[in-house]
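Novice: have a look; sequence and predicted model below, questions after that.
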Amino acid sequence: MKRLAAALLAGGLAATVAAQPAAAEGPATAKQPVTAKRPPCAGYVGLTFDDGPSTGTTAALLEALTTARLRATMFNTGQNVEANPALAKAQVAAGMWLGNHSWDHPHMLQLTAAEQASQISRTQDVIRQVTGVTPALFRPPYLETDDALRAVQRQLGLTEINTDVDSQDWNNATVDQIVAAVGRLQAGDVILMHDWPANTVTAIPQIAADLRERGLCAGQISPVTGRAVAPRARALSGAHTVGRLDDRGAGVRYTWPGVYFEGRVRGTSVGIVLDDAVNDYEIEVDGRAPVNLVTPGRTTHWITGLTGGVHSVRIAKRTESPWSPGQFGGFVAGAGGAVLSTPAARSRQIEFIGDSWTAGYGNMSTTRDCAAVGGVDRNSNANQTFGALTARSLGADYQLNAWSGMGMVRNYNGGNPDVDYRTYYDRTLQAADGAVWQRPRNWKPQVVVVGLGINDFSTPVNPGERWADEAALAADFRTAYLGFLDKLRHRYGKDTHLVLTYPYMWNTTALAESVEQVVQQRTAGGDRRVSSLYYDTNALGLDALGCDWHPSARDHQLLSGALTPYINGLRVRW
């Protein structure tokens, strides 16, 4: 087997960024034997075993681990899980964590991207079907990897785990040599072992004794940092959010723009654990001017030099990433500090549904052609959109469920005709995963602001599209809009105010007429909490200096200045 160097943590973000263990995933599905008293852990290491489950050795390995009161991560192959489902279930029952090790252990770099995805996704499916566990970690066979393979892993929601120490048990290492390899582990490190060598099973008691003597404990591997951390800690411990999340315990994934996390810490520094090479963020401490964090990668971003005492910290996702989830691993306190209890949720809640206007496409640019000033991503900030500004001015929690270029029935210029905004609205992770978002009981917004239709009507119907003309498009738009409002009513109830917004459009009145007709039809049917708000862009004085003629930061303030008093006038039952 070939040993490749592990590159587990992303590089620096100036002097304030450092690598730090993150929170770990939630409790195992079965109780683990524990002693009445255990010495405190000076640190955690990740024990990993590849290639199982195997009929010859897995049962003995699990017995040795549980007797030694050790927990480990089992990187299973899909074909072995399929062949030995009872042993896979036994791994979970023994308190072990499960990882993905491909379907049949090929040389992944010799496969196409589609073949790589099949190897990983088939294994995910069979592990989930057999055990009910969805792995968050992937170990490449033979430790062979490259950026292209890692991209496939990220698309499937997995974090690559290589190794810091190779036990060489696959290479006929003796028991003493395996124990000596464990002796090289430092806090946070991960060691590679295997499910099948007899010497590995024999070495378990001595491994436990070595770790005990050095004050190290067997920990869980964080999917955010790739480091071994304390079991049972959760990313959302001490963090408040209302965003749509794929909660994996040690890390939460998200794609919708504007997702934010808020926390409170005591001490002189606070770390924010992230794994995101795609998105930009805005960070605020104690309500001071926000600081931008550009594509942090896998790291802990440290904010240092705070005065002693209690501090509030807020991080918000600035950019869009429908295909690439970001991941938040929690807040961590510096030496001598502590993460405090979760900030209270706000009683007021608003959901914003829309397209590029709602997402903040290019809103921080001061020139319509922003190619020379960083492009759309660097100039987009969902945290400074009219929706975010309005919610904060009203003291409300909020979601920004927006996607640039998407329409109610027709996307910009007729693009991607097989999908539209409604295709993705119900999803947790937009295009990254088809899983439907399960609305938590505590999310019931009193106001939902819908801003769809610009993309439907901003360009003329092209030859070959399914509408003969704009009139046919408008009819389809109204039917879809009414159905979408039915969905919102069913989800949030009759008391939620639905505000349908639309701007002035120079080329057509079809959007304005359609929205007003939808409101009239709903009202005539007895729905008294549906209304429309027209943004008269000329009267408001919008300059459209954002990227590609989108609203600028100043424009978003003006839009919020129109929306906020409108919501105040609805007599909402906050």
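Specialist: Alright, I've got the coordinates.

Novice: which one is L158 nearest to, not counting chain neighbours?
Specialist: F138 (4.1 Å; Cβ to Cβ, 6 or more residues apart in numbering). Backbone N, C-alpha and C define where each C-beta goes, glycine included.

Novice: I meant A208, not that one.
Specialist: A68 is the one closest to A208 (Cβ to Cβ, 6+ apart), at 3.8 Å.

Novice: distance of that neighbour from A148?
Specialist: A68 sits 39 Å away from A148, taking Cβ to Cβ, to the nearest Å as the criterion.

Novice: higher neighbour count, these two?
Specialist: A68 (18 against 13; other Cβ atoms under 10 Å).

Novice: hmm, the more buried one is touching L211, no?
Specialist: No - here A68 does not reach L211: they are 9.3 Å apart, not a contact under Cβ atoms under 8 Å.

Novice: coming back round to it: so what's the residue nearest to A208 up against?
Specialist: By Cβ atoms under 8 Å, 6 or more residues apart in numbering, A68 lies in contact with 204-205, 207-208.

Novice: OK, contacts around the residue nearest to L158?
Specialist: So F138 contacts 99-101, 120, 153, 156, 158-161 (Cβ under 8 Å, 6+ apart).

Novice: with N455 instead?
Specialist: So N455 contacts 355-356, 405-407, 410-412 (Cβ under 8 Å, 6+ apart).

Novice: hmm, try it at 6 Å
Specialist: 355, 405, 407, 411-412 (Cβ atoms under 6 Å, 6 or more residues apart in numbering).

Novice: which SSE is A562 in?
Specialist: Per DSSP states H and E: A562 is located in helix 553-568.

Novice: name every strand pairing with the host helix or strand of F328 and say which way it goes.
Specialist: Per DSSP H and E, F328 falls inside strand 326-333. When pairs are called by DSSP bridges, strand 326-333 turns out to pair with strand 252-254 (antiparallel), strand 270-276 (antiparallel).

Novice: which outside residues touch the longest one?
Specialist: This means strand 270-276. By Cβ under 6 Å, 6+ apart, the list of residues contacting strand 270-276 reads 20, 22, 224, 296, 298, 300-303, 313, 315, 326-327, 329-330, 332.

Novice: next, the buried residues of that strand.
Specialist: Residues of strand 270-276 classed as buried under the neighbour-count rule (16 or more other Cβ atoms under 10 Å) are 270-276.

Novice: mind putting the residues you listed into CSV with pLDDT?
Specialist: Output for these, formatted as CSV (pLDDT from 0 to 100):
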residue, pLDDT
V270, 96
G271, 95
I272, 96
V273, 93
L274, 94
D275, 92
D276, 94
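
Novice: in a markdown table, list those along with distance to A60.
Specialist: Below are these laid out as a markdown table (distance: Cβ to Cβ, whole Å):
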| residue | distance to A60 |
| --- | --- |
| V270 | 45 |
| G271 | 40 |
| I272 | 42 |
| V273 | 36 |
| L274 | 40 |
| D275 | 35 |
| D276 | 41 |
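
Novice: what's the closest of those to L485?
Specialist: D276 (34.0 Å; Cβ to Cβ).

Novice: run through the bridge partners of that closest one.
Specialist: G297.

Novice: the helix holding A562 packs against which elements?
Specialist: Judged by 3 or more Cβ pairs under 6 Å, 6 or more residues apart in numbering; DSSP states H and E, the packing partners of helix 553-568 are helix 386-393.

Novice: contacts for whichever helix or strand comes after the helix it packs on next, please.
Specialist: Downstream of helix 386-393, the first helix or strand assigned by DSSP H and E is strand 396-402. With contact meaning Cβ under 6 Å, 6+ apart, strand 396-402 is reached by 242, 256-258, 346, 348-354, 358-359, 382, 387, 391.

Novice: please repeat the previous calculation with a cut-off of 7 Å.
Specialist: Strand 396-402 is contacted from outside by 242-244, 256-258, 345-346, 348-355, 358-359, 382, 385, 387-388, 391, 425, using Cβ atoms under 7 Å, 6 or more residues apart in numbering.

Novice: okay, the angle between that strand and helix 386-393?
Specialist: 170 degrees (axes from the mean of the first three to the mean of the last three Cα atoms, to 10 degrees).

Novice: partner strands of strand 396-402, parallel or antiparallel?
Specialist: Strand 396-402 is paired, per DSSP bridges, with strand 348-354 (parallel).

Novice: starting at the chain centroid, how far to the partner strand?
Specialist: Put simply, strand 348-354 sits 19 Å off its chain's centre (Cα atoms, centre = their mean, to the nearest Å).

Novice: mean confidence score for the very next helix or strand once past that strand?
Specialist: Downstream of strand 348-354, the next assigned helix or strand under DSSP H and E is helix 356-359. Taken as a whole, helix 356-359 has a mean pLDDT of 98.

Novice: and for stretch 533-541?
Specialist: The model assigns stretch 533-541 a mean pLDDT of 97.

Novice: pull the number of nearby residues for the closest residue to L87 other than its chain neighbours.
Specialist: For L87, ignoring the flanking residues on the chain, the nearest one in space by Cβ to Cβ, 6+ apart is P53 at 3.5 Å. Neighbour count for P53, taken as other Cβ under 10 Å: 28.

Novice: P53 in helix, strand or coil?
Specialist: Counting by DSSP: H, G, I helix; E, B strand; the rest coil, the backbone at P53 sits in coil.

Novice: follow-up on the earlier one: Serialize the strands paired with strand 326-333 to JSON lines and add fields for distance to D189.
Specialist: JSON lines is the format used below for the strands paired with strand 326-333 (distance: least, Cβ to Cβ, whole Å):
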{"stretch": "strand 252-254", "distance to D189": "25"}
{"stretch": "strand 270-276", "distance to D189": "18"}
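
Novice: closest one to G561 among those?
Specialist: strand 252-254 (28.8 Å).

Novice: buried sites along that closest one?
Specialist: 252-254.

Novice: cool, and stretch 122-142?
Specialist: Those would be 122-124, 126-127, 130-131, 133, 135-142, for stretch 122-142 by 16+ other Cβ under 10 Å.

Novice: now swap in stretch 241-257 and tell me
Specialist: In stretch 241-257, residues buried by neighbour count (16+ other Cβ under 10 Å) are 241-246, 248-257.

Novice: and those residues, which of them are in strands?
Specialist: 246, 252-254 (DSSP state E).

Novice: how about the contacts made by the residue nearest the centre of the chain?
Specialist: Taking Cα atoms, centre = their mean, the centroid of the chain lies closest to R253, which sits 1.6 Å from it. Applying Cβ under 7 Å, 6+ apart, we find R253 in contact with 157, 245-246, 325-327, 429.
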